[in-house]
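>>> here is a sequence together with a model predicted from it:
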Amino acid sequence: MKKIFFRIFSIVIILLALVFILRIYNDHKYKYSNNLKLPEYYKDVTDISLYPIATEGVDVTYVDEGRMQGFRFVPKEKLHKGLVICFGGSDGSPNFDNAKRLAEEGYETFALFMYGMKNQEQTLRKIPLEQFEDVINYINKNVKDNKPISILAASKGSEYALNLASKYHEIDNLVLIAPSSYNFVGLDFKDYGSSWTYKGKELPYIDIKKSSLKSFLKNIILPAIIKSPISFKDTYNSAIKKDSSSQEKLIPVKDVKANILMIVGEDDLMWDSLAMANKIKEENPKAKIYSYKGAGHIFAGNGIINIKNERIATGGTAEDNKKAKIESIKAIDTFLKENHK
């Protein structure tokens, strides 16, 4: 009995020692590895005072119109017809940088919040698609040259945008960066449920809590303990695979009339955006996919971002992400110019 106890005690000590060593190693390895400098407003994306609205050649105002909350960019010299609406990812940020960049190129743009602001859901769960109707109403009343309408959205925002285009055919074009073909669960684990609702009903969703326990332990729990980057990709893939009714959770792409451009990194470690882009293309053969080898979920940094006390693996190398960003901007600009003549 003493020998068994001693063996168990020894194994526990060895495991604790390994965890301690790995934590020190990873602290050293990743301390200076994150070369991604986030804008100031990422400290609190809901604090509109942090956004650099002073833009040469562009008038920037904040729009507070019901559930439509965000920034409007009107170039002093508008060079392209219609407008571009930008949405960010799961953090709730409004994709301010892309809206600003396009405005400087002569597009009228909007950088809008999906949630977290006045008159909106305060967390990413059960967001009503109908809030986009406030956007349509504002555009019809306040923007004379309001066609075509394009949406540029990233990550979770692309999931939102694709759903919107399936319901609102006023949307003419979609640029989806790191897209999703499925509806996933919301990220409020106190009020658990779908990310989206329509006409008062939750859209069917993939539940990541039902993913493989092995994947969850390997890619999320253990990395959190030893302070190495957490990867969500396998957890999302496992949840899809284990869901016997996953087909019902697909976004209804057949209902989308808009032209679609998808931008994906082949080393995306947040979720498998390339596989999901291909899934979207199966339903909409005219959709275009631009994929980039060695690039991750976001085309910046070395594939790791630090959020509070966690390291999140987004994928890609610094060199490949930089190259993908340059090339993808060209692809996006070409697509928008073709559709905003």
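Received it, and whenever you're ready, just let me know what you need. Numbers count the residues shown, from 1 in each chain.
>>> what sits against Val253?
Contact analysis of Val253 by CB atoms under 8 Å, 6 or more residues apart in numbering lists 162, 166, 181, 280, 283-284. No exception for glycine: its C-beta is placed from N, CA and C like everyone else's.
>>> could you redo the last one with a cut-off of 7 Å?
Residues near Val253 by CB atoms under 7 Å, 6 or more residues apart in numbering: 162, 280, 283-284.
>>> kindly provide the distance from it to Gly92.
For Val253, the distance to Gly92 (CB to CB, to the nearest Å) stands at 25 Å.
>>> same deal with Lys288?
Distance from Lys288 to Gly92, by CB to CB: 28 Å.
>>> okay, the two: which has more neighbours?
A direct count of neighbours by other CB atoms under 10 Å for Lys288 and Gly92 places Gly92 higher, at 22 against 15.
>>> is the more buried one in contact with Val45, as I believe?
Yes - Gly92 lies in contact with Val45 (CB atoms under 7 Å); the separation is 5.4 Å.
>>> OK, contacts around the nearest residue to Asp44 once chain neighbours are set aside?
Residue nearest to Asp44 in three dimensions, not counting chain neighbours: Leu50, with 6.6 Å by CB to CB, 6 or more residues apart in numbering. Going by CB under 7 Å, 6+ apart, Leu50 touches 40-41, 43-44.
>>> ok, Glu266 next?
Glu266 touches 274, 291-293, 295, counting by CB under 7 Å, 6+ apart.
>>> among those residues, which lie within strands?
Counting by DSSP state E, the members of the contacts of Glu266 that fall within strands are 291-292.
>>> and the contacts of Glu266, which are buried?
The neighbour-count test (16 or more other CB atoms under 10 Å) applied to these identifies 274, 291-292, 295 as buried.
>>> and of these, the nearest to Leu187?
Leu274 (22.4 Å; CB to CB).
>>> could you report the separation of that closest one from Lys209?
Taking CB to CB, one finds Leu274 at 25 Å from Lys209.
>>> so which bits of stretch 46-64 are buried?
Buried residues in stretch 46-64 (16+ other CB under 10 Å): 46, 48, 51, 58, 60, 63.
>>> correct me, but the third one touches Phe96?
Yes - between Tyr51 and Phe96 a contact is recorded at 5.7 Å, counting by CB under 7 Å.
>>> remind me which residues of the stretch 101-250 of the chain are low pLDDT?
226 (pLDDT under 70).
>>> how about the helices in it?
Secondary structure of the stretch 101-250 of the chain, counting by DSSP state H, counting those that start in this stretch: helices at 132-142, 156-167, 213-216, 222-226, 233-242.
>>> after the last one, next one along is what?
Proceeding N to C from helix 233-242, the next assigned helix or strand is strand 259-265, under DSSP states H and E.
>>> now do that next one: which elements does it pack against?
Applying 3 or more CB pairs under 7 Å, 6 or more residues apart in numbering; DSSP states H and E, one finds that strand 259-265 makes contact with strand 173-177, helix 273-283, strand 288-292, helix 318-339.
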